Every structure is written in C-alpha cells, then in structure tokens.
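*Asks:* Quick one: sequence plus predicted model below, questions after.
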Amino acid sequence: MPEAAEELEHAWQWYAARNPMAAERFADEVARALEIIAEAPGRWMLAGHDTRRMPLHRFPFKVVYRWHPGDAVVKIVAIAHGKRRDGYWRER
C-alpha cells in the first residue's frame, strides 16, 4: 500500500540522515521480514483491525499486514513505529 511505502521511506531517510549503516541494516531487516511474511503469512496471530503484526528485531518497528487463510495476496498495511498509536492504519 502506498502509505506503508511512504512510512518505510520516511523511516529509512531518518536513519540515513543519522547513520547510513543503520539505514542499510533497517532496509535489510524490513526486506527480510517481508520475505518471512510471504513464506508463512499465518505465522503471526490475528491482532486488532483484522491485521497481523511482525515485529522487527533490531528496530522499534513492526510490519502490519492483512492476510487470511486461502488468500494468495498479503497486503502490507503499515511499517509502524512502536511508539505510534495502535490502529492508526485501520482505514487503509
């Protein structure tokens, strides 16, 4: 979703302005999270607003997505910072 892509870009730019190596590690961790979600989208339990959430290990973010058994598509709803109000993405 465009909003999730914008959040990812904004977070990457924030890290890049402070530490280019951290920005690279952040991008790598998000990419790996997306691969893991694609391989096994049912791995994380349902949370509020019909979403599932995979936390990143080294960064205070989670990948918020929607997927239901039988669906061929995983919809990335947000790349959410842990300090943001939970559910801000519900209208996406």
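*Replies:* On my side now, so go ahead.

*Asks:* Okay, and the beta partners of the residue nearest to the spatial centre of the chain?
*Replies:* Centroid-nearest residue in the chain, with CA atoms, centre = their mean: V63, separated by 1.9 Å. Note on V63: beta-bridge partners M54, I79, judged by DSSP bridges.

*Asks:* distance of it from P20?
*Replies:* Separation of V63 from P20 (CB to CB, to the nearest Å): 22 Å. C-betas here are computed from N, CA, C, even on glycine.

*Asks:* Tell me where the chain has strands.
*Replies:* 52-55, 61-66, 75-81 (DSSP state E).

*Asks:* Which of those has the highest mean neighbour count?
*Replies:* Of all these, strand 61-66 has the most neighbours on average by mean count of other CB atoms under 10 Å, namely a mean of 23.

*Asks:* what's that one in contact with?
*Replies:* Contacting residues not belonging to strand 61-66 are listed as 4, 11, 30, 33-34, 37, 41, 50-56, 74-82, 89 [CB atoms under 8 Å, 6 or more residues apart in numbering].

*Asks:* tell me how far that strand is from the chain's mean position?
*Replies:* Offset of strand 61-66 from its chain centre (CA atoms, centre = their mean, to the nearest Å): 4 Å.

*Asks:* And for stretch 19-33?
*Replies:* In this view, stretch 19-33 has its centroid 12 Å away from the chain centroid, taken as CA atoms, centre = their mean.

*Asks:* So what does M45 have for phi and psi?
*Replies:* phi -70, psi 160 (degrees, to the nearest 10).

*Asks:* Identify the residues contacting it.
*Replies:* R52.

*Asks:* was I right about D86 contacting G48?
*Replies:* Yes - here D86 reaches G48: they are 6.8 Å apart, a contact under CB atoms under 8 Å.

*Asks:* Who has more neighbours out of the two?
*Replies:* Neighbour count, other CB atoms under 10 Å: between D86 and G48, D86 has more, with 15 against 10.
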